[in-house]
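1. show me the folded form of this:
(4 chains)
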There are 2 protein chains.
Amino acid sequence: MARKQGSHSDITGPRVQDTALRLIARHGFAAVSMRQIASEVGVQAGALYNYTPDKQSLLFDLMQGHMVDLLDALRTEELHGDALTRLKGFTQFHIRFHLPRSDQVFVSYMELRNLAPKNFAIVERMRRNYEDALEDILRAGEAEGVFSVSDTRVATMAIIAMLTGLSHWYRGDGRLGMDAIESIYWDMVRKSVAA
Amino acid sequence: MARKQGSHSDITGPRVQDTALRLIARHGFAAVSMRQIASEVGVQAGALYNYTPDKQSLLFDLMQGHMVDLLDALRTEELHGDALTRLKGFTQFHIRFHLPRSDQVFVSYMELRNLAPKNFAIVERMRRNYEDALEDILRAGEAEGVFSVSDTRVATMAIIAMLTGLSHWYRGDGRLGMDAIESIYWDMVRKSVAA
DNA sequence: CATCTAACTGAACGTTTGTTCATTTGGAAA
DNA sequence: TTTCCAAATGAACAAACGTTCAGTTAGATG
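-> Numbers count the residues shown, from 1 in each chain, chains lettered A, B, ... in the order given. Model (predicted):
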């Protein structure tokens, strides 16, 4: 029963992406079949190929889209001022951006190994750009004398791991709201690099 | 050609586990087939079923084994003394235990969703035990007045995420040895919870 | 009203999947 | 030397996989 009411392409398209994201986050890329995605969207498997050339592209588009959104949002943030202020801004930005996107975080961190080599390289480069933004702040803090980390690269990875780990256990309906979480994490981040 | 030289069961058995661990860490549980594992071990797929009842048990045994090893090692560590000393001991223990086991860490953190519900519950309970060991230390530090974290549970998750993240990027052949890494991370952990 | 076409169906394709099992093998035990 | 059996083979199973495509449908267009 094609096209029950009006044109569906602008409805089905996003629904394919949303459903794929949710299912892949829940079960993993390799464990989710095209038929499973189609079934939840409410179409037959063949119809998916109106919206993606293949399964691999579906994954890549999700991950690339997430990273593009992240880098765009970071650029918009316009962090400036002294290193401590910028670090606080980065910490809050990271939490506010990632907390409402737990599915994207899950997929982006778990499915890297399921990307074709060329796609992996693209996503990895964007991830590195994001990490570098934090490392710049840490280096500035060192220069200002307000931070003391013996290795800015390691400190960068440590902080990002700490912040991103949040997305793996935080549930919005828990006892702590986003503001409370933000405050706790900023406290720990600030102290961890303090001079 | 069965049994080319002597009994193989005590050789093939461990090789199945080792190979499965390595392949699953690299490609993910769902993406690795029994035939792929068998091929690397050097047997036919059917022979694997002399060593595991099914694929799910293979994954569960790997993950449960890792957690049992972890909790046993932690118990042996016998952390005692004041909270700061115990926190240092825990940090060093975590790093020294996990760094040489990057495949196990990968599998244990990525494949939780591929465990059958009953198996998931078992592994999750052990993970929780491990987290509680750290939280006990943080609470003791609060009581002593040497730590200041507004929420010991959140601080626990933050620290474990930071430490475990290490296993995801650290390469033994990099510019930093395990001792150097240990010192950097202990510095950050110590400061992050300092009063 | 007739025509067109985007959107979708449903069947089919060749592979690959986890798992089973009758059969074969060859070192160890008698 | 003969017997025995743990350990492995290799073929088979139904089911599920990603992907393709000729055909169908129904709203939009003329």
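2. give the buried residues for the longest helix anywhere in chain A.
-> Using DSSP state H, we find that the single longest helix of chain A is helix A:117-144. Residues of helix A:117-144 classed as buried: A:119, A:123, A:126-127, A:131, A:133-142 (neighbour count, 16 or more other C-beta atoms under 10 Å in any protein chain shown). The C-beta positions use only the backbone N, C-alpha and C, and glycine is treated the same way.
3. what residues are up against the closest residue to A:M126 other than its chain neighbours?
-> Nearest non-adjacent residue to A:M126, counting by C-beta to C-beta, 6 or more residues apart in numbering or on different chains: A:M67, 4.0 Å away. Residues near A:M67 by C-beta atoms under 8 Å, 6 or more residues apart in numbering or on different chains: A:108, A:123, A:126-127, A:130.
4. got the domain ranges for chain A?
-> Residue ranges for the domains of chain A, per automatic domain parsing: A:1-52, A:54-193.
5. contacting residues around the helix or strand containing A:R96?
-> For A:R96, the host element (DSSP states H and E) is helix A:83-98. Identification of contacts with helix A:83-98 by C-beta under 8 Å, 6+ apart yields A:70, A:73-74, A:77, A:79-81, A:105, A:133-134, A:137-138, A:140-141, A:143-144, A:146-147, A:159-160, A:163-164, A:166-167, A:178, A:181-182, A:185-186, A:189-190, A:193.
6. so the host helix or strand of A:A155, near chain B or not?
-> Assigned by DSSP H and E, A:A155 belongs to helix A:152-169. Yes. Contact between helix A:152-169 and chain B, assessed by C-beta under 8 Å from any C-beta of the partner chain, occurs at A:154-155, A:157-162, A:164-166, A:168-169.
7. of the buried residues of helix A:117-144, closest to DNA strand D?
-> Nearest to DNA strand D among the buried residues of helix A:117-144 is A:N119, at 13.2 Å by C-beta to the nearest atom of the strand.
8. count of neighbours near the nearest residue to the closest one once chain neighbours are set aside?
-> Leaving aside its sequence neighbours, A:N119 sits nearest to A:F60 (C-beta to C-beta, 6+ apart; 4.3 Å). For A:F60, the count of nearby residues is 21 (other C-beta atoms under 10 Å in any protein chain shown).
9. next: A:W186.
-> Neighbours of A:W186 (other C-beta under 10 Å): 17.
10. put the alpha carbons of stretch A:66-85 into PDB.
-> Written as PDB, here are the backbone C-alpha positions of stretch A:66-85 (Å, rounded to 0.1, in the frame of the first residue of the first chain):
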ATOM      1  CA  HIS A  66      26.800  13.500  15.200                       C
ATOM      2  CA  MET A  67      30.400  14.700  14.900                       C
ATOM      3  CA  VAL A  68      29.500  17.600  12.500                       C
ATOM      4  CA  ASP A  69      26.800  18.700  15.000                       C
ATOM      5  CA  LEU A  70      29.300  18.500  17.800                       C
ATOM      6  CA  LEU A  71      32.000  20.600  16.100                       C
ATOM      7  CA  ASP A  72      29.400  23.100  14.800                       C
ATOM      8  CA  ALA A  73      28.000  23.500  18.300                       C
ATOM      9  CA  LEU A  74      31.500  23.900  19.800                       C
ATOM     10  CA  ARG A  75      32.300  26.600  17.200                       C
ATOM     11  CA  THR A  76      29.100  28.500  18.000                       C
ATOM     12  CA  GLU A  77      30.000  28.300  21.700                       C
ATOM     13  CA  GLU A  78      32.900  30.800  21.100                       C
ATOM     14  CA  LEU A  79      34.900  30.000  24.200                       C
ATOM     15  CA  HIS A  80      37.100  32.900  25.200                       C
ATOM     16  CA  GLY A  81      38.700  34.600  28.200                       C
ATOM     17  CA  ASP A  82      41.200  33.100  30.600                       C
ATOM     18  CA  ALA A  83      41.900  29.300  30.600                       C
ATOM     19  CA  LEU A  84      39.900  28.600  33.700                       C
ATOM     20  CA  THR A  85      36.800  30.300  32.200                       C
END
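11. give the buried residues for that stretch.
-> For stretch A:66-85, by 16+ other C-beta under 10 Å, it's A:66-67, A:70, A:74, A:77, A:79, A:83-84.
12. can you list which of those are found in helices?
-> Using DSSP H, the subset of the buried residues of stretch A:66-85 located in helices is A:66-67, A:70, A:74, A:77, A:83-84.
13. okay, who's weakest in the residues you listed by pLDDT?
-> Lowest pLDDT of these: A:E77, 94.
14. can you pull out the low-pLDDT segments for chain A?
-> Flagging of chain A using pLDDT under 70 yields the residue ranges A:1-9.
15. rerun at 90
-> Residues of chain A that meet the criterion pLDDT under 90 lie in A:1-13, A:78, A:172, A:174.
16. pull up the residues of it that are close to chain B.
-> A:26-31, A:110, A:113-114, A:149-151, A:154-155, A:157-162, A:164-166, A:168-169, A:176, A:180-181, A:183-185, A:187-189, A:191-194.
17. which among those residues end up buried?
-> Neighbour-count burial (16+ other C-beta under 10 Å) applied to those gives A:28-31, A:110, A:114, A:149, A:151, A:154-155, A:157-162, A:164-166, A:176, A:181, A:184-185, A:187-189, A:191-194.
18. secondary structure element holding the spatially most central residue of chain A?
-> In chain A, the residue lying closest to the centroid (C-alpha atoms, centre = their mean) is A:V105, at 4.1 Å. Per DSSP H and E: A:V105 is located in helix A:102-110.
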